[in-house]
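Enquirer: Sequence and predicted model, in that order:
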Amino acid sequence: MPESLSGKVVLVTGGAKRVGAAIVRRLHREGASVMLHYRGSEREANALRSELNAARANSVALVQADLLDLAGLAEIVRNAVNRFERIDALVNNASAFFPTPVGEMTQATWESLIGANLRAPLFLSQAAAPHLKKTNGVIVNITDIHAERPLKNYVIYSIAKAGLAGLTRSLARELGPEVRVNGVAPGPIAWPEDGSFDEVARQRVISNTILRRTGDPDDVARAVYYLIAEAPYVTGQIIAVDGGRSINL
Ligand SMILES: NC(=O)c1ccc[n+]([C@@H]2O[C@H](COP(=O)([O-])OP(=O)(O)OC[C@H]3O[C@@H](n4cnc5c(N)ncnc54)[C@H](OP(=O)(O)O)[C@@H]3O)[C@@H](O)[C@H]2O)c1
């Protein structure tokens with residue numbers, strides 16, 4: 001793909017806020033049209049669409065869906081193609097994140113964490129693949145540094161992200177040479193909104209980064225942009241954007 005994303009179409013899941021919104025903003029700023037998927041954050045999604053369409057008319061459209069609805073995944077891709085007539089990149093960013101200690105794992109927590117973090121990226125990628133082949137497109141999966149080294153008490157989340165890392169490499173083999181498939185593995189970027197990391201836990205995580213601070217959502221977005229627009233010879237790779245934390249884990 002050329003450096004500028006002008007004329008390109010990207011589908012970003014979970015794009016209404018936090019890291020997803022930063023990815024949407026950056027890719028849009030580089031010229032892309034965006035099909036922004038959200039689930040519950042309708043207000044944020046509408047606001048972001050208005051803001052970006054004010055900057056460039058008709059450049060952002062919304063699609064609402066729960067990614068746990070397997071049958072609806074192909075419909076998300078169809079929506080993007082119907083609206084913008086092509087897809088150049090799929091960014092699998094949406095994620096469920098909560099602890100599942102041993103003894104407390106259930107079918108429901110399995111379905112939710114595997115469904116959002118692994119199953120949806122797989123079936124969205126499968127649905128998008130024919131369109132991406134036509135455009136020599138790109139898939140970017142947002143994984144986690146804990147795909148490699150599990151986060152304590154987050155058993156199902158950690159293995160879902162490990163699966164997503166494996167999916168990244170597997171799809172790179174399956175979809176090449178037409179489509180490149182890569183990942184970005186964030187470290188501490190935006191704390192969960194449910195208060196699950198208190199100040200002590202936050203400081204412990206930060207002290208394990210080499211750069212001694214959290215990252216910014218745009219740090220992840222810049223890596224996504226690089227993989228989409230500036231990495232024509234990179235596929236099957238996962239870049240950690242973690243202030244060096246994975247070296248210290
Ligand atoms: N934040 C970090 O520091 C960090 C660290 C490591 C890895 N990551 C990874 O980076 C990505 C973005 O992180 P984040 O913290 O910004 O994510 P997040 O806020 O936890 O989740 C992003 C979005 O995913 C959507 N989502 C969750 N379950 C869904 C479902 N069943 N169906 C459809 N959408 C669903 C939600 O959309 P709605 O709000 O519209 O419902 C949510 O806004 C994720 O893949 C995450 O695992 C983040």
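Expert: Alright, I've got the coordinates.

Enquirer: Apart from its chain neighbours, what residue comes closest to residue 180?
Expert: Leaving aside its sequence neighbours, residue 180 sits nearest to residue 235 (Cβ to Cβ, 6 or more residues apart in numbering; 4.0 Å). Using the backbone N, CA and C atoms, a C-beta is placed for each residue, glycine as well.

Enquirer: gap between that neighbour and residue 169?
Expert: Taking Cβ to Cβ, to the nearest Å as the measure, residue 235 falls 9 Å from residue 169.

Enquirer: Please point out which parts of the longest helix that the chain contains sit buried.
Expert: Scanning the chain for the helix with the most residues, using DSSP state H, yields helix 155-175. Buried residues in helix 155-175, defined by neighbour count with 16 or more other Cβ atoms under 10 Å: 155-165, 167-169, 171-172, 175.

Enquirer: Format the CA atom coordinates belonging to that helix as PDB.
Expert: Extracted in PDB, the C-alpha atoms of helix 155-175 (Å, rounded to 0.1, in the frame of the first residue of the first chain):
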ATOM      1  CA  VAL A 155      -6.400 -17.300  32.500                       C
ATOM      2  CA  ILE A 156      -9.000 -17.100  29.700                       C
ATOM      3  CA  TYR A 157      -8.000 -13.600  28.600                       C
ATOM      4  CA  SER A 158      -4.400 -14.600  28.400                       C
ATOM      5  CA  ILE A 159      -5.100 -17.800  26.300                       C
ATOM      6  CA  ALA A 160      -7.500 -15.900  24.100                       C
ATOM      7  CA  LYS A 161      -4.800 -13.400  23.300                       C
ATOM      8  CA  ALA A 162      -2.300 -16.200  22.800                       C
ATOM      9  CA  GLY A 163      -4.700 -17.700  20.400                       C
ATOM     10  CA  LEU A 164      -5.000 -14.400  18.600                       C
ATOM     11  CA  ALA A 165      -1.200 -14.300  18.300                       C
ATOM     12  CA  GLY A 166      -1.300 -17.800  16.800                       C
ATOM     13  CA  LEU A 167      -4.100 -16.700  14.500                       C
ATOM     14  CA  THR A 168      -2.000 -13.800  13.300                       C
ATOM     15  CA  ARG A 169       0.800 -16.100  12.200                       C
ATOM     16  CA  SER A 170      -1.500 -18.700  10.800                       C
ATOM     17  CA  LEU A 171      -3.500 -16.200   8.700                       C
ATOM     18  CA  ALA A 172      -0.200 -14.700   7.400                       C
ATOM     19  CA  ARG A 173       0.500 -18.100   5.900                       C
ATOM     20  CA  GLU A 174      -3.000 -18.700   4.700                       C
ATOM     21  CA  LEU A 175      -3.700 -15.300   3.100                       C
END
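
Enquirer: Enumerate the residues of this structure near the ligand.
Expert: Counting by Cβ under 6 Å from any ligand atom, the chain comes close to the ligand at 14, 16-20, 38-41, 66-68, 93-97, 116, 142, 144, 186, 188-190.

Enquirer: All the helices of the chain, residue numbers only.
Expert: 18-29, 42-55, 73-84, 107-114, 120-135, 155-175, 199-207, 217-229, 245-248.

Enquirer: What ranges in this protein fall below the confidence cut-off?
Expert: Where the chain drops to pLDDT under 70, the residues are 1-3.

Enquirer: residue with max distance from the center of the chain?
Expert: Taking Cα atoms, centre = their mean, the residue of the chain most remote from its mean C-alpha position is residue 103, at 29.4 Å.
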